[in-house]
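*Asks:* Sequence first, then the predicted structure, then my questions.
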Amino acid sequence: MDIEGHENGDKGQPGNERESSSMTKKEEFASLEILLHPLAVMNIADHHTRTQVAMKSRGGEGKERERQRERVIGGLIGHQSGKRVEVHSSYELIHTVDDNGVVTIDQAYLHSKSNQLKEVFPSEYDMCIGWYSTGTGVQPNDLAIHKQFIGLNETPLYLMLDPCPPLSQRVLPVRFYETETVVVHDIPTMVFSEAKCKIVTEDSERIAVDHVAHLSSNSLETESE
């Protein structure tokens, strides 16, 4: 069963239109066919939930630093054949945030985790097909984060999950971005280009998703009593 992903374009960040316009392009420039398995999304959502719980137990920090800490970051596992990319799973990564909100990925951990996963997944899988984060749109420093993954993959994908979508939203709150080089003010510049994706599920994944949905429904009923 395939469920086609949504086609929303990135609108940039309020008050930063000039910078955001140079960071994102409309998805019509994207060329990849991206297939996303539910397990990756479930892992990311769980990562976000645990991070939010941990944040509540911490004291206050600088506004920008705290905002960046609330985001979760991790790697994507999948494989690519030509223009077809299939994302099967994801894993959490360690990162630090300085007082200015600059995010730095722990490269030693990234490479160590990648090597460990190679012993578990099929040889044709890429242990860093891309990376993920949470939010409602591309952030000004996301390209800087993106470039930190190029050591393992020359053209990594970027998956963004909106952890708090509107209740009326009927599509999965996931966006994928690939990168392209365009000329901005006469300077070659790397930008994000939104790409379409489809959700694909295997029988075992459908069972897992149905089980989680059932548990969530029972939890909500218990809390309302």
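*Replies:* Everything's here; your move.
*Asks:* distance of G135 from P163?
*Replies:* 8 Å (Cβ to Cβ, to the nearest Å). Where C-beta positions appear, they are placed from N, C-alpha and C, glycine not excepted.
*Asks:* Kindly report the same for Q107.
*Replies:* Taking Cβ to Cβ, one finds Q107 at 26 Å from P163.
*Asks:* So these two - more neighbours on which side?
*Replies:* P163 (18 against 14; other Cβ atoms under 10 Å).
*Asks:* hang on, isn't that one packed against T136?
*Replies:* No. Look at P163 against T136 with Cβ atoms under 8 Å: they stay out of range, at 9.1 Å.
*Asks:* for this protein, which strand is longest?
*Replies:* If you go by DSSP state E, the chain has its longest strand at strand 174-184.
*Asks:* what helices or strands is that strand leaning on?
*Replies:* Strand 174-184 sits against strand 24-25, strand 33-36, strand 157-161, strand 187-195, with contacts defined as 3 or more Cβ pairs under 8 Å, 6 or more residues apart in numbering; DSSP states H and E.
*Asks:* now that strand, how far from the centre of its chain.
*Replies:* 14 Å (Cα atoms, centre = their mean, to the nearest Å).
*Asks:* same question, stretch 34-50
*Replies:* From the chain centre to the centre of stretch 34-50 is a distance of 9 Å (Cα atoms, centre = their mean).
*Asks:* now swap in stretch 94-104 and tell me
*Replies:* 17 Å.
*Asks:* does R170 sit in a helix or strand, and which one?
*Replies:* Using DSSP states H and E, R170 is not contained in any helix or strand.
*Asks:* ok, it - how many residues close by?
*Replies:* 7.
*Asks:* again with E194
*Replies:* By other Cβ under 10 Å, neighbour count at E194 equals 23.
*Asks:* per-residue confidence at it?
*Replies:* You'll see E194 listed with a pLDDT of 93.
*Asks:* Can you add distance to R50 and give the helices and strands packed on strand 174-184 back as TSV?
*Replies:* Below are the helices and strands packed on strand 174-184 laid out as TSV (distance: least, Cβ to Cβ, whole Å):
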stretch	distance to R50
strand 24-25	29
strand 33-36	21
strand 157-161	14
strand 187-195	27
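*Asks:* Quick one: closest of those to S90.
*Replies:* Among the helices and strands packed on strand 174-184, strand 157-161 comes nearest to S90, with 8.0 Å by Cβ to Cβ.
*Asks:* what angle do that closest one and strand 187-195 make?
*Replies:* 50 degrees (axes from the mean of the first three to the mean of the last three Cα atoms, to 10 degrees).
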